[in-house]
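1. sequence below, structure please.
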Amino acid sequence: MALAGLLLALLLGAQTAAAQAAPTWLRTVRETALWSGPTDPAEQFTILPPGSHVLPQDSRGGGRVLVYYPGDGQARLAGAAWVANTDLVPSGPPPWIADADLSAPDAPRRVAYVAPPDVSAPEVAVLDDTSGALLFGRGAHARLAPASTTKIVTAMVALDMAPTLDAHLPITVDGWAMAAADGSSIMGLSPGTGLSIRTLLFGLLLPSGNDAAEQLARGLGESRAQFIQAMNDKVAALGLRDTRFTNPSGLDAPSHYASAYDLAHLARAAMTDATFREIVSSPAYAAEGFELRGHNPLLGVYPGTDGVKTGTTDQAGKAMVASVVRDGHRVFVVVMHSDDVLADCSALFDWAWATFRWE
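-> This is a model prediction of the structure:
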């Protein structure tokens, strides 16, 4: 119990120091033992691998320095311990700190240096809504198949072009034929009927209807090509460089790509629209003979979730753009090629709330 109490006190003190500006990082050059005290007798309780980043806290002789280590985001939790001076060299911060951008005046403040969770998704972006600050990125600018997260922008353009949400469009798209041809997810459109733009938008964003995407593109734009150009114009207007669309649904196609970072910013822009927020926060919708259910696994499961969009194709694997609000602050998490979007997004949101504070 005495050792546990000592380590807890060291950890709390180290985290307080770590939260201050411009910390000086060190890096281990070999396997480095973690000790409970500055001199023997002391207990060795684990080993840090070479290349681990640590923050120095205190030195009392005996050849050891007290350090705070931020963990590895997986098995090794953050903590404080004494390590040999000879095992350490000066270093820059870990990549997950160096790649973050907290320079905006309204960006949140980092209050603890804890490594992000080691999620299954190789491409990740965690974005603060208020400032647009990237809190964590991994492969965040890689150009990848975005699957149905494309429909975030389809909805944005449709909302721009719609005369009113209650306006009806004649249905010319056969959703059932699309599903039979390429396995498209559909809301179930049949030619010869008419539907409101509102219902088509719910069909686009909840069951992720490729048929709704095609119908909106053909019915609202001067042409399908013009609608897709408007989608790309929307991306360009936001200054995003790693996204290009060639269809409104997100089906895998040459030169159709997006990055996790860009998708986070696109969702940030989309969520400024009240109608978009209403739709993506809804688990289900019934109107005009349709019973539509959403695919967002976080809704009703992770507190504060209010959007946004999932996507799955052969090239994209499983992708998710998620939005959560806590204490009045919204954070976006994007994961691509995830093995488990619910687990990955939940872990990244948990990390964000524990690591940052908003003034």
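
2. residue 275 and residue 166 touch, don't they?
-> No - assessed by CB atoms under 8 Å, residue 275 is found out of contact with residue 166, at 11.7 Å. (Glycine included, C-beta is placed from N, CA and C.)

3. report the beta-bridge partners for the closest residue to residue 280 other than its chain neighbours.
-> Nearest residue to residue 280, sequence neighbours excluded (CB to CB, 6 or more residues apart in numbering): residue 307, at 3.5 Å. On the basis of DSSP bridges, residue 307 is bridged to residue 323.

4. thinking again about what came up before, more crowded one of residue 275 and residue 166?
-> residue 275 (14 against 10; other CB atoms under 10 Å).

5. check contacts around the more buried one.
-> Applying CB atoms under 8 Å, 6 or more residues apart in numbering to residue 275 gives the contacts 159, 165, 201.

6. and if you look at residue 347?
-> Neighbour list for residue 347: 117, 119 [criterion: CB under 8 Å, 6+ apart].

7. after the helix or strand containing it, next one along is what?
-> Element membership for residue 347 (DSSP states H and E) is helix 341-355. The helix or strand immediately downstream of helix 341-355 is strand 356-357, counting by DSSP H and E.

8. now do that next one: which elements does it pack against?
-> strand 109-110 (3 or more CB pairs under 8 Å, 6 or more residues apart in numbering; DSSP states H and E).

9. can you give the strand pairings for the strand it packs on, parallel or anti for each?
-> Counting by DSSP bridges, strand 109-110 is paired with strand 356-357 (antiparallel).

10. returning to that earlier point: may I see the contacts of residue 275 organised as JSON lines, with secondary structure and neighbour count added?
-> Formatted as JSON lines, those follow (DSSP: H, G, I helix; E, B strand; the rest coil; neighbours: other CB atoms under 10 Å):
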{"residue": "159", "secondary structure": "helix", "neighbour count": "19"}
{"residue": "165", "secondary structure": "coil", "neighbour count": "14"}
{"residue": "201", "secondary structure": "helix", "neighbour count": "26"}
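
11. ok, the spatially closest residue to residue 179 that is not a sequence neighbour - contacts?
-> Of all residues not flanking residue 179 in the chain, residue 186 sits nearest, at 5.0 Å (CB to CB, 6+ apart). With contact set as CB under 8 Å, 6+ apart, residue 186 has these partners: 175, 176, 178, 179, 207, 209, 210, 211, 212.
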